[in-house]
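Asker: show me how the following folds:
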Amino acid sequence: MPSVAIDSIGDLPTKDMPDYRATLQGEGFKQISYLEIKICGNARGIWKKKRASEVKNTSLSVYGVGNGISNMAVRLIESMYDFRFPDLDCSRMDIKPDVHTTRVLYKLRVSTTIREDGAIFAARLINPSYPGEIDGPLWLLGRKLCQATNPDCGRFPINAV
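Answerer: A predicted model of the protein is given here:
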């Protein structure tokens, strides 16, 4: 497996980024419905006049949402609505390690293992000022090109060392 390096985080793909909205059922749906009532049907009520930590806690209160998804929610609010949380410490916003992100970081040889803790550590090495910023591009690379079986390494948009 050849070694590769990332020239620039800005060069990572963003087209066809994942849509993180998922179909909710059962308890998750009930909690989302409660949250909708609490914010009077206005999604901006989740973050308007709130700190990033409050938004993260709100999302963590939803059944099945963990740190990875709550970090993702904050990142999506900032990117989709051009909103900035004044208290956001980007250096503490990790990726949400999944099969795709962990595989890509392992194949890049930034992570020595295909495990969640290894992926988080590797993302912090690659982009220490904002590890979570590379979550979407890593996911996309893993989903589209760096697949577990039959990877398309020739189209991998990262230069060899």
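
Asker: quick one, domains of the chain?
Answerer: According to automatic domain parsing, the chain comprises the domains 9-18+92-155, 26-89.

Asker: what strand or helix carries the closest residue in space to residue 138 that isn't next to it in sequence?
Answerer: Spatial nearest neighbour of residue 138, chain neighbours left out: residue 101 (4.2 Å); criterion: CB to CB, 6 or more residues apart in numbering. Any C-beta I mention is one placed from the backbone N, CA and C, and that applies to glycine too. Residue 101 belongs to helix 99-107 when assigned by DSSP states H and E.

Asker: ok now that helix, how far from the chain's centre?
Answerer: 13 Å (CA atoms, centre = their mean, to the nearest Å).

Asker: hmm, back to that, looking at the domains of the chain, which has the lowest confidence?
Answerer: When these are ranked by mean pLDDT, domain 26-89 comes last with a mean of 75.

Asker: for the residue nearest the centre of the chain, what are its contacts?
Answerer: Compute the mean C-alpha point of the chain, and by CA atoms, centre = their mean the closest residue is residue 135, 3.9 Å away. For residue 135, the contact set (CB atoms under 8 Å, 6 or more residues apart in numbering) comprises 72, 75, 95, 96, 101, 123.

Asker: also residue 111?
Answerer: 102, 105, 118, 119, 121, 122.

Asker: same thing with residue 112?
Answerer: With CB under 8 Å, 6+ apart, residue 112 has these contacts: 106, 118.
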